[in-house]
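> Provide a 3D model corresponding to the input given below.
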Amino acid sequence: MANHMKKVLASGEYTLEKKVADGTFGSVHKGWRVCALKSIALDKLQGNDQKNKVQMWIDESVSLLTLRGHPRIVEYNKFFGSDDNKKLWIESEYCEGGTLNKYFWKTMYQKQCKDVKHRFMVEIADALAFLHNRGVTHRDMKPDNIMVVDGSTPGEAHIKLSDFGLAKLIASCKYGGELMKFYSASGNGTKYYMAPELYDQHFTRTGDIFSMGLIFNALLQGSSLSSKLFLVVKVHGGPPGKWAHENNESVEIPENIAACLSDTFKQLLKSMLSREWQTRPSAETVHGTLLETTHKDLSINSSGGSSSGGSRPSSVHEEQELDNGNH
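Numbering: from 1, shown residues only. Model prediction:
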């Protein structure tokens, strides 16, 4: 490890190495103990007593340590505050493959990989079902919150769902209202995976299902590669959830994709992208249905073409600095 990359935290237990990701509230580094260390800047929260904020977040975080033992969930190990009480540090396991967003462009771009993409979908649904059954709503399902592990080739890779802990803290902590408002209004692609009801500040568990449906759509088709890309789908040039909210219509599967899907898979995606949150399937149902399908039930659009009509989303690739303003 190069000396210029080393930074020893005050606790003396960790040495920061390279930065591996940036998030809405902080950044993630590889840690000395082959772990991931995420920092959260507490000045994003209301209030002046930084020390109390650190302790409050640590207290709220204890319940996250119980979300262990599932192979498709990133495990949290420890929480501690910085010496100046301006940051909360979160230690979790390190996923060497990086985010699904980066892995897609680096390893899977313009490859068929139907079996890998199907496996990823099954594993994403399995992870989300686990969280939902434990009473945790993710609230920010997107490719940057899905990590890739195990193996340097797609055939050996698996996923782990991450950043669900921040969502749980936001929902329950003392300062959650203001933080959730900031969290939902931030850019970096998050709004492209928001469910329609979130535009009315109505947070539902099946909002995660809508977001997962968009992730599945994004995995089914791809376009050209350039730097700082974020995998999303668009409807009429904007976020699908926003279009569905404004037009009171469900998001449809692109014709060029739907034509290659089995009836079972097509119906599953259609139900996940319903405008009405009450009619979307549970994560457990999605997972069960996926287990009854195989990679032969879906087909990859290797040409990277996009569909332009109506409410049908086309896969596009946005720079990470999408729009840091309001929705």
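> With Lys102 as the reference, measure out to Phe230.
With distances taken as Cβ to Cβ, to the nearest Å, Phe230 is found 10 Å from Lys102. Where C-beta positions appear, they are placed from N, C-alpha and C, glycine not excepted.
> For the protein, which segments count as helices?
50-61, 100-103, 114-133, 164-172, 176-185, 207-220, 240-247, 255-258, 263-272, 283-291 (DSSP state H).
> where among these is the average confidence lowest?
With a mean of 47, helix 176-185 has the lowest mean pLDDT of these.
> Domains in this structure, by residue range?
3-93, 100-319 (automatic domain parsing).
> Please report the distance of Lys270 from Pro254.
Relative to Pro254, and taking Cβ to Cβ, Lys270 is found at 12 Å.
> Repeat that for Gly238.
In terms of Cβ to Cβ, Gly238 sits 16 Å off from Pro254.
> of these two, who's got more company?
Pro254 (22 against 14; other Cβ atoms under 10 Å).
> just checking, that one touches Gln221?
Yes - counting by Cβ atoms under 8 Å, Pro254 touches Gln221, with 7.3 Å between them.
> Quick check: which ranges of the stretch 1-150 of the chain have low pLDDT?
Along the stretch 1-150 of the chain, the model assigns pLDDT under 70 to residues 1-18, 20-27, 29-34, 37, 42-63, 83, 85, 110.
> For Val235, which non-adjacent residue is spatially closest?
Trp243 (4.1 Å; Cβ to Cβ, 6 or more residues apart in numbering).
> wait, the one you found sits on Ser250?
No - using Cβ under 8 Å as the test, Trp243 is too far from Ser250 to be in contact (10.3 Å).
> So between Phe230 and Lys102, which is more surrounded?
Neighbour count, other Cβ under 10 Å: between Phe230 and Lys102, Phe230 has more, with 23 against 19.
> Quick one: residues contacting Thr66.
Arg134 (Cβ atoms under 8 Å, 6 or more residues apart in numbering).
> 10 Å instead?
Neighbour list for Thr66: Tyr76, Arg134 [criterion: Cβ atoms under 10 Å, 6 or more residues apart in numbering].
> now swap in Leu290 and tell me
Leu290 touches 118-119, 121-126, 216, 264-265, 268, 297, counting by Cβ under 10 Å, 6+ apart.
> Turn the buried ones among those residues into a named ChimeraX selection, would you?
Provided next is the ChimeraX selection string for whichever of those are buried by 16 or more other Cβ atoms under 10 Å:
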select :118,119,121,122,123,124,125,126,216,265,268,297
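> So of the contacts of Leu290, which two are at opposite extremes in space?
Maximum pairwise distance in those, criterion Cβ to Cβ, is 18.6 Å, between Glu123 and Thr264.
> All set, thanks.
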